[in-house]
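Engineer: coords below, sequence missing:
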């Protein structure tokens, strides 16, 4: 931590700040310039609240020098984290495509989607449950049955199952069937959910919250990593800005930023990020071009009849066209996307 | 819902959109101008996803005309909702001050705070528990004991107890002691928490999420109201903007906006909103001047030694000074703040 | 400037960065901790682009320690700048109210407004010209005549004239009549305008740009101060955020922030900031409660018939009521607002 | 315009609003539902201020149905605008690359850059002048000489010259040498600059302002188009959001959004948008993948010694590598980038 004193403050005030820093457990180095004194405080803990120093009399500015996360940082691990899902590596030179209906409605729907994915060489089936309208645990919401059906479809087609886990009441049920958990943006700040999901031992995709800085997103990842679950993937899903012509603003520059700061793979979700079908294709292509390790795409056999979020889902033929384009783009940046089975 | 067709689209396309709207259950009125056709679709349900129409061919823009919330709106209830807490009315001409240590640390701390509140005529003691660092339900986090202690202190001093409930694992324990629940900004999107908190039957203060529009905030309130819990108060706690010299940007214009759209009382939390002690006093004054029905203020006997968020808490003497100022400001806007006991 | 090296970088890289910093003209102090090296670089010029260091190999983070502005800062001048306008001091214990039609339309309109201001003890008449629709200098836009009429009305009533100067083609004409220049938010980034306005020698109110951080706003003020024009007032006018129920978000916390960082007076413009009449009154009250040295209020004799921005202007009777309220609020925070003449 | 009345308002109020709309010149259609009345007002002028209706008693919401711009919209012109620069078409199937030193420093620098561009098949040399530090027109800032030198270098290499025009004092000088004007983001709101630049008769690249919605950006383009200058290109350059790890947030979803709303070509400037060299390459690739008609790239022979913005400029070898990548990506989306000369 670096503490910049106000110009011209008397020495007693500087000494008081030094004393206070020592009591916080820091080793303090004082460096006095012509008009300003700067204090270096070594030994800061990641979660030290720098405002505790900011409010001291005579202090002008405080900079936390170490990142507020540790295991998630490149400092902790130089090389890239590569997550192996039954032989498919995420985080290396493959662009992992994860697609499917955001909300599972029925077996026929998932069946036809799974068949398309296999056709396109896609290995990850992504889906989820409707959020509870009434009580959690209600009999109107037989999550278990649906989860078992999802698993059966995935097994039939040899696909890995990515299940959205939006709250902790779902964790144990989803753990019984999912290969990968997806925590949606609304869950990023839910600490109980992060802990429970981490402890289930599944690889976790952590979507960025709408108001989350990249730093906060990595701090949320840290909470999962700290539970000894090392298989965390990040997923850019859009941030909230003043621009309203897309639902959110997909911040693709977060991809190279995360790759510099962290060793974790980073994906993008242009369906959630843009919210409108005809923006999904260009932004999915852009995500791959920006270096994403994967993309999540909403598709439905008939998007207009989807119960939820149909307007942001691709039709099958649009998905096939997108796959053709991202295969070429992946090649341009030294990555690969699986080729169609036939 | 109003559907604006693109200029110059052929009639067949317009008819197709009308057909689609009818199948969604709308009653459609067509109005054709010189260059553009506008369709009025009556009978929309509050949660209809207008993007379903936005993506249809030939459609230029879609406007949801009815608000996406119902019970929370002034349309549902013209007069102000007034919440009676043992004879103290929130939502009428009183400015309710709710103050105390954001995190309960020990009885001595709460005791001295409670004594100060009584002195100042304040009737609401606001506090909470540290967020779990490890597992929920862990033995390291004996929530029950602490909650009982809070209640005892409140009872000794005749204060109403406002308890922060940040996740649903806390709901039943907190319900045993709290007079009012406070859902913090990070919980606004947690639907399970909203439902469980609503069903506990306590009055609920719902803090605005950092990325929440006023509309989304009212939609979250609607989820509580829909559980037949009518005692909801809103609390502006700051939004995330590009400005970083305060932790968040306290959006005080939300106060008159909410008062026009909704019948619910609206409070403000300048401690959370600004994050820095010397900004709390001016912004608390400003909130009262803007017409807030109450303010939440963090205070500690010794803020620098607080375990958490000390930098945004007032010292006792600052709180006393603030109280004197807001009594005058409340009077200027036709409201009252309780006078000191002595 | 403080340069934090990446953890574990080899010494040669650190030496290379030190060498580069020396060539930039810095005096470098090296401080090596267990895992990380931090370099203090003393002698930075306010406008040094820290990204030049940020992109060097081995560098993790760079913090500019000195503010990017100088004359505008409290370091340059400890005490408050007080601007004396013919005996009326702005920046001390008075809340200066500046009101009038945003756009001058005709003499009758300005006459009746001026009479109301005198009645209310207000000393500043604020107005401006319509922005040119066609060419600057066009004969359709006889700025000179209108400016002379404004001056005549101000003189008749003994008022000080505040004129909005939105582009540099207006500077010399406006200088002939105005007592104070008001640079609107759209002009904050127009460097030619800032320089020309500064050199006209009038006191300047500098409104914050919609996307301007407080730091950038102070840097813009610095450009005026650097032209040896010390009479600069800042004016919060709203920032752009995701919230769209008000036109902009009036960031009232900027008032205490600016007062801590700078010695310049700071005003607020709730008409521009909220854009809607019924939000102006609560936010004007809030600005005074937050400690603003003044407020700018749009008023028209008949707002609905105003050529421009009528919806954000108060009716006369609303203004009178607002004045009564802010007199009380000013008193609550140790300030005064002039009393009505009768 | 669609006017939604509050639920349950009395008929007299509705009639008053209808009367008011008629006086504004609208043709009004009334449509009454069970609980709410909706008024369609036909004949609105693009720049009508809808707030004039929003503030009327009994009005709940107002939606402007027509876009606030006209010539810039797809309604005005269905097909894409293609701008022909001496045989090179922008807006069709070519990705136009425009590169060079953001600030012209000396002939040697521009010579070597131009040679590289020719080598890479790039046809547009992009550069500009330092912003005036002191007075405009000052002898310390011999713009004319520098502009002539730029032109000479461009001519020698057969390149088209793109010159940044940041304020109107530069327009006539720049017009003497430039093939294309570039109005930077800080100039988007400067109406005098827009008009003067438009009248110079050069094709104009209009960069999006940091706080500009896409609608406002198109309204600024409209001001140029309205001066009978039809050769306008838009350029996404980043918006200001809460995320601070890049200088701005490059909003690539604006590319498909603009392409749906307008017939004008749209480019992207990842150098300005990200502000850091190692983010420029991924975001330039992403812009092409998203469908941009061109990209602007800062390059310098030796970025670390550049007077300004060196940290966001590519080294020559990085530019060559980027060109190779975007040639492949362009092909993937059905576009072309010129091939290297050898």
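Structural biologist: All right, it came through fine. Please read these numbers as outputs of a predicted model, since none were measured by experiment. Numbers count the residues shown, from 1 in each chain, chains lettered A, B, ... in the order given.
Engineer: Tell me the helix or strand right after the helix or strand of chain A at the bottom of the mean pLDDT ranking.
Structural biologist: One helix or strand of chain A scores below all others by mean pLDDT, DSSP states H and E: strand A:27-32, with a mean of 80. For strand A:27-32, the succeeding helix or strand toward the C-terminus, using DSSP states H and E, is strand A:37-42.
Engineer: What lies in contact with the helix or strand just after that next one?
Structural biologist: Moving toward the C-terminus from strand A:37-42, the next helix or strand (DSSP H and E) is helix A:51-54. Helix A:51-54 is contacted from outside by A:1, A:3, A:17, A:20-21, A:24, A:41, A:59, A:61-62, B:275-276, B:304, B:310-312, using CB atoms under 8 Å, 6 or more residues apart in numbering or on different chains. Quick note: C-beta positions are derived from backbone N, CA and C, even for glycine.
Engineer: Contact distance from chain D - what residues of the stretch 1-150 of chain A qualify?
Structural biologist: On the criterion CB under 8 Å from any CB of the partner chain, chain D has no neighbours in the stretch 1-150 of chain A.
Engineer: pLDDT on stretch A:71-89, on average?
Structural biologist: The average of the pLDDT scores along stretch A:71-89 is 93.
Engineer: Dihedrals phi and psi, the nearest residue to residue A:338 once chain neighbours are set aside?
Structural biologist: Once flanking residues are discounted, residue A:338 sits nearest to residue A:121: 3.4 Å by CB to CB, 6 or more residues apart in numbering or on different chains. Backbone torsions for residue A:121, taken as degrees, to the nearest 10, come to phi 80, psi 10.
Engineer: Whether stretch A:180-188 contacts chain D - can you check?
Structural biologist: No: Stretch A:180-188 lies out of reach of chain D by CB under 8 Å from any CB, never closer than 14.3 Å.
Engineer: okay, how far is it across that stretch, tip to tip?
Structural biologist: Chord length of stretch A:180-188, first to last residue, is 16 Å (CA to CA, to the nearest Å).
Engineer: next one: it to chain centre, how far?
Structural biologist: 7 Å (CA atoms, centre = their mean, to the nearest Å).
Engineer: quick check: mean pLDDT across stretch A:108-115?
Structural biologist: In the prediction, stretch A:108-115 has an average pLDDT of 97.
Engineer: Can you list the neighbours in contact with that stretch?
Structural biologist: Contacts of stretch A:108-115 (CB under 8 Å, 6+ apart): A:99-101, A:104, A:125, A:127, A:149-150, A:153-154, A:156-157, A:159, A:299-301.
Engineer: So which of the contacts of helix A:51-54 are in strands?
Structural biologist: Under the assignment DSSP state E, the contacts of helix A:51-54 contribute A:3, A:41, A:59, A:61, A:62 to strands.
Engineer: before we move on, the earlier item: now do the least confident helix or strand of chain A: which elements does it pack against?
Structural biologist: Counting contacts by 3 or more CB pairs under 8 Å, 6 or more residues apart in numbering or on different chains; DSSP states H and E, strand A:27-32 is packed against helix A:11-23, strand A:37-42, strand C:27-32.
Engineer: Repeat the analysis, applying 7 Å as the threshold.
Structural biologist: When contacts are defined as 3 or more CB pairs under 7 Å, 6 or more residues apart in numbering or on different chains; DSSP states H and E, strand A:27-32 sits against helix A:11-23, strand A:37-42.
Engineer: So residue A:219 is in contact with residue A:67, correct?
Structural biologist: No: in terms of CB atoms under 7 Å, residue A:219 does not count as a neighbour of residue A:67; the distance is 8.9 Å.
Engineer: first vs last residue of stretch A:196-210, how far apart are they?
Structural biologist: Terminal-residue distance, stretch A:196-210 (CA to CA): 22 Å.
Engineer: Can you point out the buried residues in it?
Structural biologist: A:196-198, A:200, A:202-210 (16 or more other CB atoms under 10 Å in any protein chain shown).
Engineer: So what touches it?
Structural biologist: Residues from elsewhere that reach stretch A:196-210, judged by CB atoms under 7 Å, 6 or more residues apart in numbering or on different chains: A:83, A:85, A:162, A:165, A:168, A:171, A:175, A:178, A:180-185, A:188-189, A:217, A:220-221, A:224, A:227, A:229, A:231-240, A:248, A:267, A:269, B:211.
Engineer: is stretch A:65-73 up against chain B anywhere?
Structural biologist: No: Stretch A:65-73 stays clear of chain B (CB under 7 Å from any CB of the partner chain), getting no nearer than 14.1 Å.
Engineer: Number of residues surrounding residue A:77?
Structural biologist: 14 (other CB atoms under 10 Å in any protein chain shown).
Engineer: which residues touch it?
Structural biologist: Counting by CB under 7 Å, 6+ apart, residue A:77 touches residue A:263.
Engineer: mind checking how far it is from chain B?
Structural biologist: Residue A:77 is 23 Å from chain B, where distance means CB to the nearest CB, to the nearest Å.
Engineer: quick check, that residue in a helix?
Structural biologist: No: Residue A:77 sits outside any helix when classified using DSSP: H, G, I helix; E, B strand; the rest coil, being coil.
Engineer: packing partners for the strand or helix carrying residue A:267?
Structural biologist: Under the criterion of DSSP H and E, residue A:267 resides in strand A:266-268. With contacts defined as 3+ CB pairs under 7 Å, 6+ apart, the packing partners of strand A:266-268 are strand A:232-236, helix A:254-261, strand A:294-298.
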